[in-house]
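I'll drop the sequence and a predicted model, then ask my questions.
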Amino acid sequence: MSDGKPRLVIVGTGWAGFYIAQYIDTNQYAVTSISPRRTSAYTPLLASAACGLFNFYLAEEPVRSKSRSAQKFIKANVLDVNFNAKTVHCAPAFDDDPELSQQEFDIEYDILVLAPGCVPNTFNTPGVSEHALFMKNVSDAMAVRKLFFDLLEKASLPNTPPSKVRSLLHIAIVGGGPTGIELTAELDDLAKRELRDLYPEVADQIHISIYDVAPHILSAYDKKLYEYANESLTRRRVAIETNSTIERVDREAIYLKDKGRVEYGMLIWATGNKHIPLIEQLASQTRQTTKGLRRILTNDHLRVLKPPVSDKDNHNDPEAYECVFALGDAADMLNRSLPTTAEVAVQKAKYLVNYLNHHHHQPSVISASEAVAPFKYQQKSLVSYLGAHDGVIEGRKSENGNSRDGEGWTGRSAWLAWRSGSLLWTRSWRNRVMILLTWVVNWVGGKEIARM
(Lines give C-alpha, C1' and ligand atoms only; values in the text may rest on other atoms or scores of the structure.)
Protein backbone atom coordinates (compact mmCIF):
# COMPACT_ATOMS: atom_id res chain seq x y z
CA MET A 1 0.00 0.00 0.00
CA SER A 2 1.04 3.61 -0.65
CA ASP A 3 -0.77 6.26 1.40
CA GLY A 4 -3.46 3.68 2.03
CA LYS A 5 -3.98 3.02 -1.69
CA PRO A 6 -3.19 -0.24 -3.51
CA ARG A 7 -0.02 0.09 -5.60
CA LEU A 8 -1.00 -0.43 -9.23
CA VAL A 9 2.02 -1.01 -11.48
CA ILE A 10 1.53 -0.87 -15.27
CA VAL A 11 4.26 -2.40 -17.43
CA GLY A 12 4.18 -0.74 -20.85
CA THR A 13 2.73 2.46 -22.27
CA GLY A 14 1.34 1.23 -25.58
CA TRP A 15 -2.33 1.15 -26.50
CA ALA A 16 -3.35 -0.93 -23.49
CA GLY A 17 -1.02 0.37 -20.80
CA PHE A 18 -1.43 4.02 -21.72
CA TYR A 19 -5.23 3.79 -21.79
CA ILE A 20 -5.25 2.34 -18.29
CA ALA A 21 -2.89 5.07 -17.07
CA GLN A 22 -5.21 7.70 -18.57
CA TYR A 23 -8.47 6.48 -17.10
CA ILE A 24 -7.68 4.65 -13.87
CA ASP A 25 -9.02 6.34 -10.74
CA THR A 26 -5.94 7.82 -9.04
CA ASN A 27 -8.05 8.62 -5.99
CA GLN A 28 -8.22 4.90 -5.38
CA TYR A 29 -4.86 3.64 -6.70
CA ALA A 30 -1.22 4.69 -6.42
CA VAL A 31 -0.26 4.27 -10.07
CA THR A 32 3.24 3.69 -11.49
CA SER A 33 3.89 3.17 -15.22
CA ILE A 34 7.15 1.54 -16.32
CA SER A 35 8.28 1.79 -19.95
CA PRO A 36 11.44 2.41 -21.98
CA ARG A 37 9.61 5.17 -23.88
CA ARG A 38 8.27 8.42 -22.41
CA THR A 39 5.63 8.78 -25.13
CA SER A 40 2.83 6.57 -26.42
CA ALA A 41 2.48 6.41 -30.21
CA TYR A 42 -0.80 6.40 -32.11
CA THR A 43 0.52 3.79 -34.53
CA PRO A 44 -2.27 4.13 -37.15
CA LEU A 45 -1.24 7.78 -37.58
CA LEU A 46 2.49 7.21 -38.13
CA ALA A 47 2.32 6.78 -41.92
CA SER A 48 0.31 9.99 -42.29
CA ALA A 49 2.77 11.90 -40.10
CA ALA A 50 5.75 10.52 -42.02
CA CYS A 51 4.21 11.80 -45.25
CA GLY A 52 3.40 15.28 -43.97
CA LEU A 53 -0.34 15.06 -43.39
CA PHE A 54 0.20 16.52 -39.92
CA ASN A 55 3.00 17.20 -37.47
CA PHE A 56 4.81 14.35 -35.76
CA TYR A 57 3.82 15.42 -32.26
CA LEU A 58 0.17 14.76 -33.13
CA ALA A 59 0.95 11.05 -33.62
CA GLU A 60 2.01 10.50 -30.01
CA GLU A 61 1.05 11.43 -26.47
CA PRO A 62 3.44 12.12 -23.59
CA VAL A 63 3.21 9.68 -20.70
CA ARG A 64 3.96 12.47 -18.24
CA SER A 65 1.14 14.99 -18.21
CA LYS A 66 -0.22 17.68 -15.94
CA SER A 67 -3.56 15.84 -15.88
CA ARG A 68 -1.77 12.69 -14.67
CA SER A 69 0.65 14.32 -12.23
CA ALA A 70 -0.58 12.03 -9.44
CA GLN A 71 1.00 9.08 -11.25
CA LYS A 72 4.63 8.03 -11.34
CA PHE A 73 6.55 7.18 -14.50
CA ILE A 74 9.80 5.21 -14.54
CA LYS A 75 11.83 5.05 -17.76
CA ALA A 76 13.05 1.50 -17.53
CA ASN A 77 12.82 -2.00 -18.95
CA VAL A 78 11.18 -4.67 -16.83
CA LEU A 79 13.50 -7.68 -16.78
CA ASP A 80 11.58 -10.08 -14.57
CA VAL A 81 8.64 -10.43 -12.18
CA ASN A 82 8.65 -12.15 -8.79
CA PHE A 83 5.00 -13.10 -8.38
CA ASN A 84 5.52 -14.45 -4.87
CA ALA A 85 7.25 -11.32 -3.56
CA LYS A 86 5.06 -9.08 -5.74
CA THR A 87 7.96 -7.16 -7.26
CA VAL A 88 9.07 -6.27 -10.76
CA HIS A 89 12.80 -6.20 -11.47
CA CYS A 90 13.87 -3.26 -13.68
CA ALA A 91 16.84 -1.68 -15.41
CA PRO A 92 17.03 2.00 -16.45
CA ALA A 93 16.36 2.38 -20.20
CA PHE A 94 19.08 4.74 -21.42
CA ASP A 95 21.02 3.42 -24.41
CA ASP A 96 23.51 6.29 -24.21
CA ASP A 97 24.41 5.46 -20.60
CA PRO A 98 25.29 1.75 -20.34
CA GLU A 99 26.68 2.18 -16.84
CA LEU A 100 23.35 3.48 -15.57
CA SER A 101 21.56 0.59 -17.29
CA GLN A 102 23.43 -1.81 -15.03
CA GLN A 103 21.99 -0.23 -11.86
CA GLU A 104 18.95 -2.50 -11.54
CA PHE A 105 16.18 -2.08 -8.96
CA ASP A 106 12.85 -3.56 -7.80
CA ILE A 107 9.39 -2.00 -7.69
CA GLU A 108 6.73 -3.46 -5.38
CA TYR A 109 3.11 -3.84 -6.44
CA ASP A 110 -0.27 -4.87 -5.08
CA ILE A 111 -1.89 -5.05 -8.52
CA LEU A 112 0.16 -5.68 -11.66
CA VAL A 113 -0.85 -5.01 -15.27
CA LEU A 114 1.46 -6.54 -17.90
CA ALA A 115 1.18 -4.76 -21.24
CA PRO A 116 4.77 -4.59 -22.52
CA GLY A 117 3.91 -4.94 -26.21
CA CYS A 118 6.06 -6.53 -28.90
CA VAL A 119 8.94 -5.69 -31.24
CA PRO A 120 9.10 -6.07 -35.04
CA ASN A 121 9.77 -9.61 -36.21
CA THR A 122 12.75 -9.73 -38.55
CA PHE A 123 12.48 -13.54 -38.76
CA ASN A 124 16.24 -13.54 -38.16
CA THR A 125 16.79 -12.33 -41.71
CA PRO A 126 20.46 -11.26 -41.93
CA GLY A 127 20.94 -7.51 -42.32
CA VAL A 128 17.38 -6.38 -41.51
CA SER A 129 18.13 -4.95 -38.05
CA GLU A 130 21.08 -2.98 -39.43
CA HIS A 131 19.60 -1.65 -42.69
CA ALA A 132 15.78 -1.59 -42.52
CA LEU A 133 13.47 1.05 -41.08
CA PHE A 134 10.44 0.15 -38.96
CA MET A 135 7.13 1.87 -38.12
CA LYS A 136 6.51 1.39 -34.41
CA ASN A 137 6.91 4.92 -33.03
CA VAL A 138 7.35 8.58 -33.99
CA SER A 139 11.15 8.26 -34.14
CA ASP A 140 10.66 5.63 -36.85
CA ALA A 141 8.29 7.90 -38.81
CA MET A 142 10.78 10.76 -38.59
CA ALA A 143 13.56 8.49 -39.86
CA VAL A 144 11.39 7.50 -42.86
CA ARG A 145 10.74 11.12 -43.80
CA LYS A 146 14.36 12.19 -43.39
CA LEU A 147 15.75 9.32 -45.45
CA PHE A 148 13.12 9.80 -48.16
CA PHE A 149 14.09 13.42 -48.69
CA ASP A 150 17.80 12.63 -48.51
CA LEU A 151 17.25 10.14 -51.33
CA LEU A 152 15.38 12.73 -53.39
CA GLU A 153 18.22 15.22 -52.94
CA LYS A 154 20.84 12.62 -53.91
CA ALA A 155 18.83 11.67 -56.98
CA SER A 156 18.58 15.37 -57.94
CA LEU A 157 22.36 15.91 -58.00
CA PRO A 158 23.58 16.70 -61.55
CA ASN A 159 26.23 13.96 -61.42
CA THR A 160 23.92 11.13 -60.35
CA PRO A 161 23.60 8.64 -63.26
CA PRO A 162 20.06 7.55 -64.32
CA SER A 163 20.64 3.96 -63.18
CA LYS A 164 21.56 5.20 -59.71
CA VAL A 165 18.52 7.51 -59.62
CA ARG A 166 16.23 4.53 -60.17
CA SER A 167 17.78 2.47 -57.38
CA LEU A 168 17.84 5.44 -54.98
CA LEU A 169 14.12 6.05 -55.53
CA HIS A 170 13.06 2.43 -55.16
CA ILE A 171 11.11 2.09 -51.91
CA ALA A 172 10.92 -1.55 -50.81
CA ILE A 173 8.21 -2.28 -48.25
CA VAL A 174 8.23 -5.74 -46.71
CA GLY A 175 4.81 -6.70 -45.38
CA GLY A 176 1.45 -6.65 -47.13
CA GLY A 177 -0.66 -6.06 -44.04
CA PRO A 178 -2.47 -2.80 -43.17
CA THR A 179 0.72 -1.01 -42.01
CA GLY A 180 2.64 -1.75 -45.20
CA ILE A 181 -0.31 -1.01 -47.48
CA GLU A 182 -1.24 2.28 -45.81
CA LEU A 183 2.36 3.48 -45.83
CA THR A 184 2.54 2.58 -49.52
CA ALA A 185 -0.64 4.57 -50.17
CA GLU A 186 0.57 7.68 -48.33
CA LEU A 187 4.01 7.63 -49.99
CA ASP A 188 2.48 7.11 -53.43
CA ASP A 189 0.05 10.00 -52.90
CA LEU A 190 2.96 12.20 -51.86
CA ALA A 191 5.00 11.21 -54.92
CA LYS A 192 2.17 11.85 -57.36
CA ARG A 193 1.15 15.21 -55.85
CA GLU A 194 3.47 17.48 -53.85
CA LEU A 195 6.74 15.94 -55.01
CA ARG A 196 5.95 16.59 -58.67
CA ASP A 197 6.32 20.30 -57.93
CA LEU A 198 9.19 20.02 -55.45
CA TYR A 199 11.28 17.53 -57.43
CA PRO A 200 10.07 17.74 -61.05
CA GLU A 201 13.22 16.13 -62.47
CA VAL A 202 13.04 12.92 -60.44
CA ALA A 203 9.56 12.54 -58.90
CA ASP A 204 8.34 10.30 -61.70
CA GLN A 205 11.23 7.91 -60.96
CA ILE A 206 9.85 7.04 -57.51
CA HIS A 207 8.57 3.48 -57.50
CA ILE A 208 7.30 1.33 -54.65
CA SER A 209 7.40 -2.44 -54.28
CA ILE A 210 5.55 -4.51 -51.69
CA TYR A 211 7.09 -7.86 -50.74
CA ASP A 212 5.20 -10.48 -48.76
CA VAL A 213 5.75 -14.17 -48.18
CA ALA A 214 1.96 -14.70 -48.22
CA PRO A 215 0.08 -15.42 -51.47
CA HIS A 216 -1.80 -12.11 -51.31
CA ILE A 217 -1.85 -8.77 -49.50
CA LEU A 218 -4.32 -7.78 -46.74
CA SER A 219 -4.87 -11.41 -45.81
CA ALA A 220 -7.24 -10.47 -42.94
CA TYR A 221 -9.79 -9.27 -45.50
CA ASP A 222 -12.23 -11.28 -47.62
CA LYS A 223 -11.07 -12.39 -51.07
CA LYS A 224 -13.18 -9.80 -52.89
CA LEU A 225 -11.55 -6.98 -50.94
CA TYR A 226 -7.93 -8.07 -51.09
CA GLU A 227 -8.29 -8.69 -54.83
CA TYR A 228 -9.72 -5.18 -55.20
CA ALA A 229 -6.78 -3.77 -53.21
CA ASN A 230 -4.33 -5.65 -55.41
CA GLU A 231 -5.93 -4.29 -58.60
CA SER A 232 -6.14 -0.74 -57.24
CA LEU A 233 -2.46 -0.62 -56.24
CA THR A 234 -1.34 -2.28 -59.48
CA ARG A 235 -3.17 0.41 -61.49
CA ARG A 236 -1.11 2.96 -59.57
CA ARG A 237 2.07 1.15 -60.69
CA VAL A 238 2.87 -0.26 -57.28
CA ALA A 239 4.69 -3.57 -57.74
CA ILE A 240 3.17 -6.30 -55.57
CA GLU A 241 5.55 -9.21 -55.08
CA THR A 242 3.72 -11.90 -53.10
CA ASN A 243 5.11 -15.37 -52.36
CA SER A 244 8.47 -13.63 -51.92
CA THR A 245 11.12 -14.88 -49.53
CA ILE A 246 13.89 -12.45 -48.57
CA GLU A 247 17.04 -14.36 -47.71
CA ARG A 248 19.23 -11.45 -46.61
CA VAL A 249 19.64 -7.68 -46.77
CA ASP A 250 22.60 -5.37 -47.19
CA ARG A 251 22.95 -1.59 -47.35
CA GLU A 252 21.90 -1.32 -50.98
CA ALA A 253 19.86 -4.41 -51.87
CA ILE A 254 17.56 -7.18 -50.78
CA TYR A 255 18.21 -10.73 -51.92
CA LEU A 256 15.11 -12.68 -52.96
CA LYS A 257 15.04 -16.44 -53.11
CA ASP A 258 13.53 -16.49 -56.62
CA LYS A 259 14.73 -13.18 -58.14
CA GLY A 260 18.13 -12.61 -56.64
CA ARG A 261 19.50 -9.14 -55.92
CA VAL A 262 17.13 -6.12 -56.03
CA GLU A 263 18.53 -2.66 -55.23
CA TYR A 264 16.61 -0.22 -53.06
CA GLY A 265 17.00 3.27 -51.68
CA MET A 266 14.79 2.78 -48.63
CA LEU A 267 13.74 -0.50 -47.03
CA ILE A 268 10.79 -0.47 -44.61
CA TRP A 269 10.12 -3.63 -42.62
CA ALA A 270 6.39 -3.83 -41.78
CA THR A 271 5.88 -7.50 -41.04
CA GLY A 272 4.58 -9.18 -37.90
CA ASN A 273 5.50 -9.01 -34.22
CA LYS A 274 7.98 -10.81 -32.01
CA HIS A 275 7.86 -11.19 -28.24
CA ILE A 276 10.15 -9.09 -26.05
CA PRO A 277 12.71 -10.78 -23.73
CA LEU A 278 10.45 -10.33 -20.68
CA ILE A 279 7.89 -12.78 -22.09
CA GLU A 280 10.56 -15.43 -22.51
CA GLN A 281 11.84 -14.70 -19.00
CA LEU A 282 8.34 -15.37 -17.61
CA ALA A 283 7.90 -18.65 -19.52
CA SER A 284 8.45 -20.82 -16.43
CA GLN A 285 6.01 -18.78 -14.32
CA THR A 286 3.14 -18.20 -16.72
CA ARG A 287 1.08 -20.18 -19.18
CA GLN A 288 1.95 -19.09 -22.73
CA THR A 289 1.00 -19.79 -26.31
CA THR A 290 2.87 -22.62 -28.02
CA LYS A 291 2.40 -21.61 -31.67
CA GLY A 292 3.10 -18.40 -33.52
CA LEU A 293 3.78 -15.26 -31.52
CA ARG A 294 4.72 -16.12 -27.92
CA ARG A 295 2.14 -14.48 -25.63
CA ILE A 296 1.12 -14.70 -21.98
CA LEU A 297 -2.21 -16.49 -21.61
CA THR A 298 -5.01 -15.15 -19.45
CA ASN A 299 -8.47 -16.31 -18.51
CA ASP A 300 -11.53 -14.42 -19.77
CA HIS A 301 -11.15 -11.90 -16.93
CA LEU A 302 -7.63 -11.04 -18.21
CA ARG A 303 -5.94 -12.60 -15.17
CA VAL A 304 -2.55 -14.18 -15.88
CA LEU A 305 -2.63 -17.98 -15.78
CA LYS A 306 -0.11 -20.08 -13.92
CA PRO A 307 1.69 -22.78 -15.92
CA PRO A 308 0.05 -26.24 -15.91
CA VAL A 309 1.42 -28.63 -13.31
CA SER A 310 0.60 -31.70 -15.42
CA ASP A 311 -1.02 -32.67 -18.71
CA LYS A 312 -4.25 -33.21 -16.80
CA ASP A 313 -4.08 -29.63 -15.61
CA ASN A 314 -4.30 -28.48 -19.24
CA HIS A 315 -7.90 -29.70 -19.35
CA ASN A 316 -9.05 -28.39 -15.97
CA ASP A 317 -9.91 -24.86 -14.97
CA PRO A 318 -6.47 -23.21 -14.92
CA GLU A 319 -5.26 -21.40 -11.84
CA ALA A 320 -4.59 -17.66 -12.16
CA TYR A 321 -2.40 -15.26 -10.19
CA GLU A 322 -4.13 -12.92 -7.78
CA CYS A 323 -4.27 -9.30 -8.93
CA VAL A 324 -2.05 -9.87 -12.00
CA PHE A 325 -3.49 -9.00 -15.41
CA ALA A 326 -2.11 -9.06 -18.95
CA LEU A 327 -3.34 -7.43 -22.15
CA GLY A 328 -2.12 -5.85 -25.37
CA ASP A 329 0.03 -7.59 -28.00
CA ALA A 330 1.98 -9.56 -25.39
CA ALA A 331 -1.13 -11.34 -24.06
CA ASP A 332 -3.84 -13.61 -25.38
CA MET A 333 -6.84 -15.42 -23.92
CA LEU A 334 -6.92 -19.17 -23.36
CA ASN A 335 -9.02 -20.86 -26.06
CA ARG A 336 -10.10 -17.47 -27.45
CA SER A 337 -7.19 -16.16 -29.50
CA LEU A 338 -7.52 -12.54 -30.63
CA PRO A 339 -5.40 -10.55 -33.11
CA THR A 340 -2.62 -8.17 -32.09
CA THR A 341 -4.42 -4.97 -33.01
CA ALA A 342 -4.94 -1.61 -31.34
CA GLU A 343 -8.69 -2.25 -31.22
CA VAL A 344 -8.28 -5.44 -29.19
CA ALA A 345 -5.82 -3.75 -26.82
CA VAL A 346 -8.09 -0.76 -26.21
CA GLN A 347 -11.20 -2.86 -25.64
CA LYS A 348 -9.37 -4.99 -23.08
CA ALA A 349 -8.02 -1.84 -21.41
CA LYS A 350 -11.52 -0.35 -21.18
CA TYR A 351 -12.78 -3.54 -19.60
CA LEU A 352 -9.97 -3.63 -17.04
CA VAL A 353 -10.25 0.06 -16.14
CA ASN A 354 -13.99 -0.30 -15.59
CA TYR A 355 -13.39 -3.43 -13.56
CA LEU A 356 -10.72 -1.90 -11.31
CA ASN A 357 -12.45 1.45 -10.85
CA HIS A 358 -15.70 -0.21 -9.78
CA HIS A 359 -14.20 -2.80 -7.44
CA HIS A 360 -11.41 -0.89 -5.70
CA HIS A 361 -13.26 -1.26 -2.38
CA GLN A 362 -13.60 -5.04 -2.85
CA PRO A 363 -10.09 -6.57 -2.85
CA SER A 364 -11.57 -10.06 -2.87
CA VAL A 365 -13.37 -9.35 -6.14
CA ILE A 366 -10.24 -7.93 -7.78
CA SER A 367 -8.32 -10.96 -6.55
CA ALA A 368 -10.86 -13.52 -7.75
CA SER A 369 -12.52 -11.62 -10.62
CA GLU A 370 -15.00 -14.40 -11.37
CA ALA A 371 -17.67 -12.31 -9.64
CA VAL A 372 -17.87 -9.99 -12.65
CA ALA A 373 -18.74 -10.59 -16.28
CA PRO A 374 -15.93 -11.89 -18.52
CA PHE A 375 -14.33 -9.81 -21.25
CA LYS A 376 -16.14 -9.92 -24.59
CA TYR A 377 -14.50 -8.60 -27.75
CA GLN A 378 -16.66 -6.64 -30.19
CA GLN A 379 -15.21 -6.95 -33.69
CA LYS A 380 -15.25 -3.64 -35.55
CA SER A 381 -14.87 -3.10 -39.27
CA LEU A 382 -11.34 -3.35 -40.67
CA VAL A 383 -10.41 -0.32 -42.77
CA SER A 384 -7.34 0.22 -44.97
CA TYR A 385 -6.31 3.09 -47.25
CA LEU A 386 -5.13 2.30 -50.78
CA GLY A 387 -4.21 5.80 -52.01
CA ALA A 388 -5.90 8.28 -54.36
CA HIS A 389 -8.96 8.57 -52.09
CA ASP A 390 -9.61 4.83 -52.34
CA GLY A 391 -9.86 2.20 -49.64
CA VAL A 392 -11.45 -1.03 -48.43
CA ILE A 393 -13.68 -1.75 -45.44
CA GLU A 394 -14.29 -5.26 -44.20
CA GLY A 395 -17.76 -5.85 -42.79
CA ARG A 396 -17.88 -6.63 -39.08
CA LYS A 397 -18.02 -10.30 -38.18
CA SER A 398 -19.50 -12.18 -35.28
CA GLU A 399 -17.37 -14.52 -33.16
CA ASN A 400 -18.27 -17.47 -35.40
CA GLY A 401 -16.83 -15.62 -38.41
CA ASN A 402 -20.13 -14.76 -40.09
CA SER A 403 -20.52 -11.27 -41.53
CA ARG A 404 -22.88 -8.85 -39.78
CA ASP A 405 -22.52 -5.98 -42.27
CA GLY A 406 -22.38 -7.70 -45.63
CA GLU A 407 -19.18 -8.16 -47.61
CA GLY A 408 -17.75 -4.71 -46.95
CA TRP A 409 -17.25 -1.90 -49.42
CA THR A 410 -14.63 0.04 -51.33
CA GLY A 411 -13.88 3.46 -52.83
CA ARG A 412 -14.09 7.01 -51.55
CA SER A 413 -16.44 6.20 -48.67
CA ALA A 414 -13.88 3.70 -47.38
CA TRP A 415 -11.15 6.35 -47.61
CA LEU A 416 -13.30 8.84 -45.67
CA ALA A 417 -13.94 6.24 -42.98
CA TRP A 418 -10.22 5.53 -42.74
CA ARG A 419 -9.25 9.21 -42.66
CA SER A 420 -11.80 10.03 -39.98
CA GLY A 421 -10.09 7.37 -37.88
CA SER A 422 -7.24 9.83 -37.40
CA LEU A 423 -9.57 11.74 -35.11
CA LEU A 424 -11.02 8.69 -33.40
CA TRP A 425 -7.70 7.07 -32.54
CA THR A 426 -6.26 10.06 -30.72
CA ARG A 427 -7.79 10.52 -27.27
CA SER A 428 -6.64 14.12 -26.80
CA TRP A 429 -9.08 16.88 -27.76
CA ARG A 430 -6.09 19.16 -28.35
CA ASN A 431 -4.66 16.74 -30.92
CA ARG A 432 -8.03 16.36 -32.64
CA VAL A 433 -8.37 20.10 -33.07
CA MET A 434 -4.82 20.42 -34.40
CA ILE A 435 -5.30 17.57 -36.89
CA LEU A 436 -8.46 19.22 -38.22
CA LEU A 437 -6.70 22.58 -38.53
CA THR A 438 -3.76 20.96 -40.33
CA TRP A 439 -6.11 19.31 -42.81
CA VAL A 440 -7.69 22.66 -43.59
CA VAL A 441 -4.30 24.35 -44.03
CA ASN A 442 -3.09 21.51 -46.27
CA TRP A 443 -6.25 21.73 -48.38
CA VAL A 444 -5.81 25.48 -48.84
CA GLY A 445 -2.03 25.74 -49.28
CA GLY A 446 -0.72 22.20 -49.73
CA LYS A 447 1.56 20.22 -47.45
CA GLU A 448 4.79 21.70 -46.18
CA ILE A 449 6.34 18.29 -46.47
CA ALA A 450 9.86 19.48 -47.20
CA ARG A 451 10.12 21.32 -43.89
CA MET A 452 11.87 19.07 -41.38
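Okay, I see it. All figures in this text were calculated on a predicted structure; none of them were measured in a lab.

And the next helix or strand past the lowest-mean-pLDDT helix or strand in the chain?
Sorted by mean pLDDT, DSSP states H and E, the helices and strands of the chain end with helix 363-368, the least confident at a mean of 57. Remark: after helix 363-368, the chain's next helix or strand is strand 382-387, criterion DSSP states H and E.

name the helices or strands packed onto the helix or strand just after that next one?
Next helix or strand after strand 382-387 toward the C-terminus (DSSP H and E): strand 390-394. Packing partners of strand 390-394 (3 or more CB pairs under 8 Å, 6 or more residues apart in numbering; DSSP states H and E): helix 223-235, strand 382-387, strand 409-410, helix 412-425. Where you see a C-beta, it was placed from the backbone N, CA and C, and this is true even at glycine.

which stretch in those has the least confidence?
Note on the helices and strands packed on strand 390-394: helix 412-425 shows the lowest mean pLDDT, a mean of 84.

Off-centre distance for stretch 339-350?
Centre-to-centre, stretch 339-350 and its host chain are 11 Å apart (CA atoms, centre = their mean, to the nearest Å).

Contact partners for residue 262?
170, 172, 209, 253, 254, 255, 256 (CB atoms under 8 Å, 6 or more residues apart in numbering).

Quickly name whichever of these is closest to residue 79.
residue 254 (34.3 Å; CB to CB).

rewinding a little: who wins on neighbours among the contacts of residue 262?
residue 254 (27 neighbours; other CB atoms under 10 Å).

which outside residues touch stretch 189-203?
51-52, 152, 155-156, 165, 169, 204, 206, 236, 387-388, 446-447, 449-450.

Now, of those residues, which are buried?
51-52, 152, 155-156, 165, 169, 206, 236, 387-388, 447, 449 (16 or more other CB atoms under 10 Å).

Dump those to TSV, plus distance to residue 135 and secondary structure.
Below are those laid out as TSV (distance: CB to CB, whole Å; DSSP: H, G, I helix; E, B strand; the rest coil):
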residue	distance to residue 135	secondary structure
51	12	coil
52	15	coil
152	20	helix
155	23	helix
156	26	helix
165	25	helix
169	20	coil
206	18	coil
236	20	coil
387	17	strand
388	21	coil
447	19	coil
449	17	coil
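
May I see those arranged in TSV, with distance to residue 320 as well?
TSV is the format used below for the buried ones among the contacts of stretch 189-203 (distance: CB to CB, whole Å):
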residue	distance to residue 320
51	44
52	47
152	54
155	57
156	60
165	59
169	54
206	52
236	50
387	46
388	49
447	50
449	50
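
of those, the lowest pLDDT goes to which?
Minimum pLDDT across those falls on residue 449, with 64.

What separates the first and last residues of stretch 358-375, distance-wise?
15 Å (CA to CA, to the nearest Å).

quick one on the thing from earlier: which among the buried ones among the contacts of stretch 189-203 gets closest to residue 118?
Of the buried ones among the contacts of stretch 189-203, the one sitting nearest to residue 118 (CB to CB) turns out to be residue 51, at 24.5 Å.
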